[in-house]
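>>> I need the structure of the sequence given here:
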Amino acid sequence: MDALRSVATAEQPMTWNAYLERIRSPAMTRLIDLPLEYRLAIDKGYSTGWRCLDRYMQGIRRGELTVVTADTGAGKTTFATQLLLNVASQGAPAWVNSWEMRPAVTLRKIASVALRRPMKLLDFTAEDNAAFDAWAASHAIYVNQDTIGSTIDTLGDALVKAKDLGVEVVLLDHLDYLVNYHRDKLHEAIDATVKRLHELAFSLGMHFILICHPRQSMNATDEIGLHSIKGSSSIKQYADNILTLHRTARSNPNADPTELRITVAKNRMFGTEGSVHLYYQPWDGYLERNTRSNA
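Alright, predicted model coming up:
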């Protein structure tokens, strides 16, 4: 009754039944009254573009946050960019935010995947320009030309505008450029940023691919795990999917130097975890073993 008295004195007299009606939670819905669409077939989303990875992740779904992490130079950006382009090739508008690469480098990386030619090293010929223009015209891919980073609030506003353009999948490279912090409050800043990204992905119905770096104490030969990620506690909590990458030749000198092991370390929707292997191609992308290029 104390709560009723405080409400009544703060505003106007209120009956007990009116008070109960006011505080009754709209989140309390009987199981039998939940919408029938909840029982429809599970939407597995878009293919990742690699059948071996789809066996674990099932797909790339709207409303989820996928974290990609690996040691420096292991291929995080290359893999994440190709993952985004694989989804975009299925008709999903995409937005690339790379605060670590110049827009010209981003364009060349995308062109390499699109044309299956190492365009990061080659000059564009007239034929290359014509082929890439035709490819770009048939894919709704946007590039953020701002390379000075962002705040999570500014990014949130931009994501709302991107939603209006129909964007469904977003690459964020990388977390450090979104986190503003004093040195003694790094973990709190990471917690708040990753939590907000999770909320934005869910509320906007987008899929975010977020690149995260491991702790600086890691050695190049160490394999990345969940506990290796900078700010690992909040990332483990809020990420829907976590993919760790490892170049197997770094820990095994006899391994194929082109081999990349990808471990699905978390999969909130289906719970399936495991590792697959992809192989780096001269055109700056990855293929499964049975689809490897001779280029």
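
>>> what about the helix or strand harbouring V113, average pLDDT?
Secondary-structure assignment from DSSP states H and E places V113 in helix 103-115. Helix 103-115 shows a mean pLDDT of 97.

>>> show me what counts as buried in it.
Across helix 103-115, burial judged by 16 or more other C-beta atoms under 10 Å covers T106, L107, R108, K109, I110, A111, S112, V113, A114, L115. To be clear about C-beta, it is placed using only N, CA and C from the backbone, and glycine gets the same treatment.

>>> next SSE downstream of it?
That would be, after helix 103-115 and using DSSP H and E, helix 126-137.

>>> still on that earlier bit, now the helix holding V113: how far from the chain's centre is it?
The chain centre lies 19 Å from the centre of helix 103-115; the measure is C-alpha atoms, centre = their mean, to the nearest Å.

>>> and stretch 278-293, by the same measure?
22 Å.

>>> show me what the lengthiest helix in the chain packs onto, helices and strands only.
Ranked by residue count and defined by DSSP state H, the top helix of the chain is helix 186-204. The helices and strands touching helix 186-204, judged by 3 or more C-beta pairs under 8 Å, 6 or more residues apart in numbering; DSSP states H and E, are strand 64-69, helix 152-164, strand 207-212, helix 232-238.

>>> pLDDT below threshold where in this structure?
Residue ranges of the chain with pLDDT under 70: 1-13, 24-25, 181-184, 216-222, 224-231, 291-295.

>>> and the spatially most central residue of it, bridged to which residues?
For the chain, I209 is the residue whose C-alpha lies nearest the centre (C-alpha atoms, centre = their mean; 1.3 Å). Beta-bridge partners recorded for I209 (DSSP bridges): T66, L171.

>>> quick one: the strands in the stretch 1-150 of the chain?
Secondary structure of the stretch 1-150 of the chain (DSSP state E, counting those that start in this stretch): strands at 64-69, 94-98, 141-143.

>>> list the neighbouring strands of the shortest one plus their orientation.
When you say that, I think you mean strand 141-143. strand 94-98 (parallel).

>>> what residues of the strand it pairs with count as buried?
Buried, per 16+ other C-beta under 10 Å, within strand 94-98: A94, W95, V96, N97, S98.

>>> got TSV for the residues you listed, with distance to L200 too?
Listed next are those as TSV, based on distance: C-beta to C-beta, whole Å:
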residue	distance to L200
A94	16
W95	13
V96	17
N97	13
S98	18
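
>>> closest to H198 out of these?
N97 (16.8 Å; C-beta to C-beta).

>>> that closest one: what's its closest spatial neighbour, skipping adjacent residues?
N144 (4.4 Å; C-beta to C-beta, 6 or more residues apart in numbering).

>>> wait, that neighbour sits on E100?
No - judged on C-beta atoms under 8 Å, N144 makes no contact with E100 at a distance of 11.8 Å.

>>> contacts for stretch 175-189 next, please.
99-100, 149-152, 155, 172, 190, 193-194, 197, 210-213, 230-231, 233-234 (C-beta atoms under 8 Å, 6 or more residues apart in numbering).

>>> show me which of those are buried.
For those, a neighbour count by 16+ other C-beta under 10 Å gives the buried set as 99, 149-150, 152, 155, 172, 190, 193-194, 197, 210-213, 230-231, 234.

>>> now for the residue nearest to N97, how many residues are close by?
When neighbours are counted by other C-beta atoms under 10 Å, N144 registers 20.

>>> what does T147 give?
15.

>>> wait, it sits on P103?
Yes - the criterion here is C-beta under 8 Å, and T147 meets it with P103 at 7.2 Å.

>>> out of the buried residues of strand 94-98, which is nearest to R22?
Among the buried residues of strand 94-98, W95 lies closest to R22 (C-beta to C-beta), at 41.6 Å.

>>> pull the contacting residues for that closest one.
I141, Y142, V143, N144, A162, V167, V169, V170, L171.

>>> the second one and L159: what is the separation?
Taking C-beta to C-beta, to the nearest Å as the criterion, Y142 is separated from L159 by 12 Å.

>>> overlap in contacts, the two.
With C-beta under 8 Å, 6+ apart as the test, Y142 and L159 both reach V167.

>>> between these two, which has more neighbouring residues?
Ranked by neighbour count (other C-beta under 10 Å), Y142 and L159 place L159 first, with 23 against 14.
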